[in-house]
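S.K.: Attaching a predicted model along with its sequence, questions to come.
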Amino acid sequence: MSKAVAVSFEGDQVKIVHASYKGHTIYADRTEIIREDDFDSYLREEKAAEFIVTCEFRGAHHGVITIPLARSRYLAKIIESRIRKETGEKDFSFVYNILGEDTAENKKVLEVFYYSISNMDLRHTAKRFYDNGKTLRAVYPAVFSAVSLLGPTEDKKTNMGVFSTGNERTIFLANNGTLNFIRNYDSYEKGLTDYDIQNINMTLTYCSQSLRINPSSVLLMGDLSGPSDISSLPTVPLSAHTRNSNIHCSAETYDDFLLPLSAFLAPESSNILSREFRNVNLLKNYFAYASMIFIILSVLCALFAVQEAEDSSTVMRSLEASAGRMEDIEKILSVFDEKEEEIRRYRPAVEFLNRPSPAVYDLMVSLGRINTRGLTFNAVEARTAEGNTLAVKIDGTSHADTYASLQSSLNNVVNTLKKTEKTEVTNSSIDLTNNAFTIELNYRSE
């Protein structure tokens, strides 16, 4: 059975669940709530290395867009382009749901619900973990974690759900388990109140008049599902969300830790962790495995060197025993020289494998902090150079419309790299045929 830790940022609190899981069955082993200001101290002391994060991003953009019908491999690029046009954001990460086909201007189109956040906000959240030596397995927007508890329904009706994160409430619509509408508002009282009922009724009216959607019920989730003192009810049936049978914990724990528990069930398609941090995860795993292989090779080479040394000692003893027979000395020396040459051949390999590796993690964090201004890093290639140094080659493309814009963006990145500690830029170039660029640099670790 695997183990994992999920954290949920909810207002000025961070809710944490240590759980064991097998498939989609979750066992809550330990839970805790800490102040948001104490979270960095918690990370420094916590032994777990990998985390699943749920967060309500207040600056997020979300809504429904339509795109032309296209092959699945092109969808992400088309959706990204439409989000950029819709929001005006240039550096962002996003997740999306395909709602279905529709017709616009006598053409078939796809309706897509998207949720996007600025990469600056995402880096701010991720940086807290990476600065303390932790790894992020996934980052889920809070509403996508909550929706994962509903799943498809047999009647395929549209349901409305409501949950809270600190002082913020989130109302969402899910059609057959697929998210297609979000509304947030602030409420400073704990539990369900008449103010929440007013907001629910306002949202129901908006959905009916503007979206032409009439939810069949309103589902109260988490701490909103407990006893309440309200004087009115919404215009559709109201019900409390009960604990899923595959999540093993008390009902109180389930309500209090709804979002971190639901994060264990959220699909990978809801993971909004940007590509740059996923690449950091891949590099960390790669170097972890590479380190194991290097250690094994070092041990084998050391054993081989010891064996060769023993063979050399045998040759020396033979040489001493044969010192009285001058006719055999030349032959013995020849064998000794041959064995010693073999040892020399393997000594550089042993020394290379035993020396410390450059701090690739520090390099990737430095690159992740750079404001690329319209440039996209497609590949980062690093190889060991002389000493404890990495020779790094960065290949990328630009979204700039003109050469001047491309040159200006590249100069900005190069100048930033030149000011970065331990970094020496050796070359940069532009290929106008495909708006591509290359930066070469040396990164040293002391």
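M.R.: Great, that's in hand.
S.K.: any low-confidence regions in the stretch 301-446 of the chain?
M.R.: Low-confidence segments of the stretch 301-446 of the chain (pLDDT under 70): 301-313, 315-333, 335-336, 339, 342-361, 387, 446.
S.K.: which residues of it fall in helices?
M.R.: 326-354, 360-368, 403-419 (DSSP state H, counting those that start in this stretch).
S.K.: Let me see the contact set for the residue nearest the centre of the chain.
M.R.: Centroid-nearest residue in the chain, with CA atoms, centre = their mean: Leu273, separated by 3.8 Å. Taking CB atoms under 8 Å, 6 or more residues apart in numbering, we find Leu273 in contact with Ser93, Leu122, Ala126, Leu136, Ala138, Val139. Where C-beta positions appear, they are placed from N, C-alpha and C, glycine not excepted.
S.K.: rerun that using 6 Å as the cut-off
M.R.: Ala138, Val139 (CB atoms under 6 Å, 6 or more residues apart in numbering).
S.K.: what phi and what psi does the backbone show at it?
M.R.: In terms of degrees, to the nearest 10, the main-chain angles of Leu273 are phi -60, psi 120.
S.K.: Just the pLDDT at it, thanks.
M.R.: With respect to pLDDT, Leu273 scores 90.
S.K.: Do I have it right that Asp194 meets Ser228?
M.R.: No - between Asp194 and Ser228 no contact is recorded; they are 9.4 Å apart, counting by CB atoms under 6 Å.
S.K.: Pick out whichever of these two has more residues nearby.
M.R.: Ser228 (16 against 13; other CB atoms under 10 Å).
S.K.: Could you check how far the helix or strand hosting Glu252 is from the centre of its chain?
M.R.: In this structure, Glu252 sits in helix 251-256 according to DSSP states H and E. With CA atoms, centre = their mean, to the nearest Å as the basis, helix 251-256 stands 27 Å off its chain's centre.
S.K.: On the C-terminal side of that helix, identify the next helix or strand.
M.R.: Counting by DSSP H and E, what follows helix 251-256 is helix 258-263.
S.K.: Show residues contacting that following helix.
M.R.: Residues contacting helix 258-263 (CB under 6 Å, 6+ apart): 6, 8, 15, 17, 52, 54, 140, 142, 145-146, 148-149, 221-222, 247.
S.K.: ditto for stretch 362-379
M.R.: So stretch 362-379 is in contact with 276, 280, 283, 394-400, 409, 412, 416, 420, 443, going by CB under 6 Å, 6+ apart.
S.K.: average pLDDT for the helix holding Glu252?
M.R.: 94.
S.K.: quick one: contacts of it?
M.R.: Residues contacting helix 251-256 (CB under 6 Å, 6+ apart): Ala28, Thr31, Gly222, Asp223, Arg243.
S.K.: I'd like the residues you listed as TSV, with secondary structure, distance to Thr158 and pLDDT appended.
M.R.: Converted to TSV, these look like this (DSSP: H, G, I helix; E, B strand; the rest coil; distance: CB to CB, whole Å; pLDDT from 0 to 100):
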residue	secondary structure	distance to Thr158	pLDDT
Ala28	strand	30	95
Thr31	strand	32	96
Gly222	helix	21	92
Asp223	helix	24	89
Arg243	coil	23	89
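S.K.: Which pair in these has the greatest spatial separation?
M.R.: Spatial extent of those (CB to CB) is set by the pair Ala28 and Asp223 at 16.1 Å.
S.K.: So those two - more neighbours on which side?
M.R.: The residue with more neighbours, out of Ala28 and Asp223, is Ala28; 21 against 16, by other CB under 10 Å.
S.K.: and that one, what is it in contact with?
M.R.: By CB under 6 Å, 6+ apart, the contact list for Ala28 reads Val17, Ala19, Cys249, Thr253.
S.K.: and if we set it to 7 Å?
M.R.: Val17, Ala19, His248, Cys249, Thr253, Leu261 (CB atoms under 7 Å, 6 or more residues apart in numbering).
S.K.: May I have the beta-bridge partners of it?
M.R.: Ala19 (DSSP bridges).
S.K.: Where does the prediction get shaky in the stretch 51-200 of the chain?
M.R.: In the stretch 51-200 of the chain (pLDDT under 70), the answer is 152-156.
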